[in-house]
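> Mind looking at a prediction? Sequence and model below.
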Amino acid sequence: MRGADQGGLGRPRFPALDPEPPPRPWWWRVAVAAGVLAVAAGVAAAVAFWPFSARSARAGTAARRPGLPAAIDRGRIVALNPAGYLALSDPDGTRVTRVSALGDAGQSVAAAPDDRYLSLGNGQLAVVRNGATLGAYPSKVPLSSQYAAAWPDSFANHDRDLIMLLDYGDSGYSTQNPVTAVSLDTGSPSSLGTADSTAGDPQSVGAFVSVAAPASASATATQVSPDSRIELRDAGRPAVVLATAGALDRALGQSRNNPVQLVPYPDPQGDKVAVVVQPVAGSPDGSGIVVLGRAGRVLAAAAAPFGVQGIPAWSPSGTEIAYVSTGNTGPALFLWTIGRPTAARAFPSAAPAAGSYSWCVWSPDGKSVLCASTVPADRGDWVLASSSAGMMLAVRGPGLPLAWLPGGGRT
C-alpha cells in the first residue's frame with residue numbers, strides 16, 4: 001500500500017498483532033510513529049481526564065451502565081485476537097465467542113464499508129449473516145502469499161470487488177506498488193496502475209490512491225518518501241487528480257509546500273475522501289485531515305498540530321470522522337462533523353496508556369464510537385464513547401475491533 005521508514009512494504013499487518021515486524025510496514029508509521037509524537041506531546045501537557053474507576057471499567061458487568069447510551073449495549077463487535085483468530089463480543093467486551101470455523105484469520109483483516117464482508121489474511125472472505133454471525137464466503141479472489149488485499153479499505157464497487165496489491169515481502173520496498181481490482185464473483189482483474197497508498201472506491205471498480213513524488217538525489221532508503229498528489233482511478237476511465245500535495249498543504253493553512261505523506265480514506269458512500277496529511281520531516285507541524293469531494297473540491301479541513309494518531313474512521317452516514325490526536329489536555333478522541341469545528345474528548349483516566357489509542361469503529365447507528373489501543377502491551381484495551389455526550393468508559397475487549405455489527409447484542 002505504501003512504503004515504510006525502513007524498507008519493506010510487506011503484507012499489511014494489523015498494529016499490535018505483529019510482535020516482530022522488522023522492517024516496519026507502512027501502517028506502522030501511521031499508527032505508531034504519529035502516535036509517538038502524540039504521546040510525547042501529551043506527556044508535556046497538563047492532563048485533566050474525567051474521573052473513572054479502573055475497577056468498574058474492567059468489570060464488564062452484564063447490566064448496562066447508567067448514563068451510557070443504549071447503543072453501547074446493542075450489537076456485536078468483531079475483533080481480531082492477538083493469536084490471529086476472530087471473536088465476537090458485546091461492545092463492553094463481555095460474552096466473547098471465538099469464530100473457530102474461519103480458522104487463523106491471519107494478521108491482515110479488513111472490513112467492507114458496510115461491515116457485511118471481511119477480507120481475511122488467510123485467503124478467505126467472510127460474510128456477516130443475520131447481522132451477528134460470521135461464515136465463509138466463496139470467491140475467486142486470488143488471496144495468496146504473492147498478493148494481499150489493500151488495508152484498511154480493501155473493498156470497492158459496492159462490495160463486488162477487492163483491491164489487491166502485489167506483495168513485495170518484508171525485504172522489499174516500493175512506493176510504486178501495482179494495484180488491481182479483482183471481482184469477487186469472477187476473479188477477473190482490472191489494472192489500476194501503480195500507487196503509494198491505496199483505498200478502494202466504494203462506488204466503482206477503482207481506488208483512491210496517493211502518488212509518490214520523484215525521489216530526490218539526497219533521499220536514502222530509510223527516509224519516508226513524500227507524495228505528490230491524490231488521484232481517483234476507476235477502471236476504464238482516465239485518472240482524476242483530486243488534489244496536489246501543495247493544495248492540501250494550503251487547505252491546512254500552510255504558507256509553504258512541505259513534503260508530506262498523503263493517505264486517502266473514503267467515506268462509506270464513496271462520495272468523499274478524507275486525506276491524512278503528514279509531514280515527512282518528522283515534526284507533526286502541518287499535519288491534519290482534508291476532506292475532498294469526488295471531483296476534488298475541498299469540503300473541509302482540520303489541522304492536527306500534534307499529528308493524527310492512527311487511522312481515522314468515518315461514521316456510517318459519512319457525515320462524521322473519529323480520530324485520535326493530542327488536545328489541550330493530552331491524548332483525546334476527536335469527533336469531527338464535516339463542516340463544523342472538531343470536538344475533543346480526553347480519554348478517561350482509567351484507560352491504560354491513553355496515548356496508545358489509535359483505532360476506532362462506529363456503532364451501526366452512528367451514536368457510539370469504540371476505540372482501541374494498538375500498543376502490544378495493551379492489547380484488548382477499549383474505550384467506549386457516545387458521539388453526543390461527554391461520557392467515556394474504559395473496558396477490556398478480546399482483541400482489535402474490526403466491525404460493529406447491528407444484531408445479537410443485549411436489549
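Sure, I can see it.
> quick one, helices of the stretch 151-300 of the chain?
Secondary structure of the stretch 151-300 of the chain (DSSP state H, counting those that start in this stretch): helices at 245-251.
> distance between the ends of stretch 189-203?
Taking CA to CA, to the nearest Å, the first and last residues of stretch 189-203 lie 17 Å apart.
> Please apply the same query to stretch 188-207.
With CA to CA applied, stretch 188-207 spans 16 Å between its terminal residues.
> which parts of it are buried?
Neighbour-count burial for stretch 188-207, counted by 16 or more other CB atoms under 10 Å, picks out 189-190, 192, 194-207. C-beta coordinates here come from the backbone N, C-alpha and C atoms, glycine included.
> What about these, which are in strands?
189-190, 192, 194-195, 198-200, 206-207 (DSSP state E).
> Would you check which pair of these lies furthest apart?
Put simply, by CB to CB the two of these set farthest apart are Pro189 and Ala199, 18.0 Å from each other.
> which sections of the stretch 101-250 of the chain are below the confidence cut-off?
Judged against pLDDT under 70, the low-scoring parts of the stretch 101-250 of the chain cover residues 143-145, 167-174, 216-224.
> and if we set it to 80?
The stretch 101-250 of the chain contains residues with pLDDT under 80 at 107, 123, 142-147, 167-176, 215-224.
> Break down it into its strands, ranges please.
110-111, 117-119, 125-129, 133-137, 147-149, 155-156, 161-166, 177-183, 189-195, 198-200, 206-212, 227-234, 240-244 (DSSP state E, counting those that start in this stretch).
> among these, which is the most enclosed?
For these, the largest average neighbour count (mean count of other CB atoms under 10 Å) is found in strand 155-156, namely a mean of 29.
> what does that one rub up against?
Contacting residues not belonging to strand 155-156 are listed as 110, 112-113, 117, 119, 161-163, 181, 200-202, 204-207 [CB atoms under 8 Å, 6 or more residues apart in numbering].
> so which of those would you say is closest to Tyr137?
Nearest to Tyr137 out of the contacts of strand 155-156 is Tyr117 (CB to CB; 6.4 Å).
> what sits against that closest one?
By CB under 8 Å, 6+ apart, the contact set of Tyr117 is 111, 125-128, 137, 155, 159.
> Reformat the residues you listed as CSV; add distance to Ala87.
Putting these into CSV (distance: CB to CB, whole Å) gives the following:
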residue, distance to Ala87
Ala111, 14
Leu125, 18
Ala126, 13
Val127, 17
Val128, 14
Tyr137, 19
Phe155, 22
Asp159, 23
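> Can you tell me which of those residues comes closest to Ser228?
Using CB to CB, Phe155 is the member of these that sits closest to Ser228, with 26.2 Å.
> how close does the closest one sit to Ala79?
Distance check for Phe155 against Ala79: by CB to CB, to the nearest Å, it reads 19 Å.
> out of the strands of the stretch 101-250 of the chain, nearest to Phe347?
Ranking the strands of the stretch 101-250 of the chain by their distance to Phe347 (criterion: CB to CB) puts strand 110-111 first, at 23.8 Å.
> got the angle between whatever helix or strand Leu402 lives in and strand 125-129?
Remark: Leu402 resides in strand 400-405, with elements defined by DSSP states H and E. Relative orientation of strand 400-405 and strand 125-129, computed by axes from the mean of the first three to the mean of the last three CA atoms, to 10 degrees: 40 degrees.
> possible to save the ones in strands among the buried residues of stretch 188-207 as a markdown table with distance to Val290?
Conversion of these to a markdown table gives the following (distance: CB to CB, whole Å):
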| residue | distance to Val290 |
| --- | --- |
| Pro189 | 31 |
| Ser190 | 28 |
| Leu192 | 22 |
| Thr194 | 23 |
| Ala195 | 18 |
| Thr198 | 18 |
| Ala199 | 15 |
| Gly200 | 20 |
| Gly206 | 20 |
| Ala207 | 18 |
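> For Ala148, state which of those residues is nearest.
Checking those against Ala148 by CB to CB gives Thr198 as the nearest, at 10.9 Å.
> Nearest residue to the middle of this protein?
Here the mean C-alpha position of the chain is nearest to the C-alpha of Ile311 (CA atoms, centre = their mean), at a distance of 3.7 Å.
> so how far is the helix or strand harbouring it off the chain centroid?
If you go by DSSP H and E, Ile311 is part of strand 309-314. On the basis of CA atoms, centre = their mean, to the nearest Å, strand 309-314 sits 5 Å off its chain's mean C-alpha point.
> Could you do stretch 193-200 as well?
Relative to where its chain is centred, stretch 193-200 has its mean C-alpha point 15 Å off (CA atoms, centre = their mean).
> Kindly report the same for stretch 357-371.
Relative to the centre of its chain, stretch 357-371 is centred 11 Å away, using CA atoms, centre = their mean.
> Can you give me the end-to-end span of it?
Terminal residues of stretch 357-371 lie 6 Å apart, using CA to CA.
> Let me see the mean pLDDT of it.
With pLDDT averaged residue by residue, stretch 357-371 scores 93.
> Buried ones in that stretch, by neighbour count?
Of the residues in stretch 357-371, those scored as buried under the neighbour-count criterion (16+ other CB under 10 Å) are 357-371.
> Show me which of those residues is closest to Pro279.
Closest approach to Pro279 among the buried residues of stretch 357-371 (CB to CB): Ser358, at 18.0 Å.
> Now the closest one: phi and psi?
Here the main-chain torsion angles of Ser358 (degrees, to the nearest 10) amount to phi -150, psi 10.
> In this structure it contacts Val324, no?
Yes. Using CB atoms under 8 Å, Ser358 is in contact with Val324, at 5.1 Å.
> For Asn81, give me its contacts.
Under the criterion of CB under 8 Å, 6+ apart, the contact partners of Asn81 comprise 87, 98, 398-399.
> same thing but at 6 Å, please
Asn81 sits next to 87, 398-399 when contact means CB atoms under 6 Å, 6 or more residues apart in numbering.
> in the sheet, who's paired with the residue nearest to the centre of the chain?
Note on Ile311: beta-bridge partners Trp359, judged by DSSP bridges.
> For it, give me the pLDDT.
The model reports Ile311 with a pLDDT of 92.
> could you measure it against Tyr85, distance?
Taking CB to CB as the measure, Ile311 and Tyr85 are separated by 22 Å.
> One more: Asp92?
Separation of Asp92 from Tyr85 (CB to CB): 21 Å.
> swap in Ser228?
Separation of Ser228 from Tyr85 (CB to CB) stands at 40 Å.
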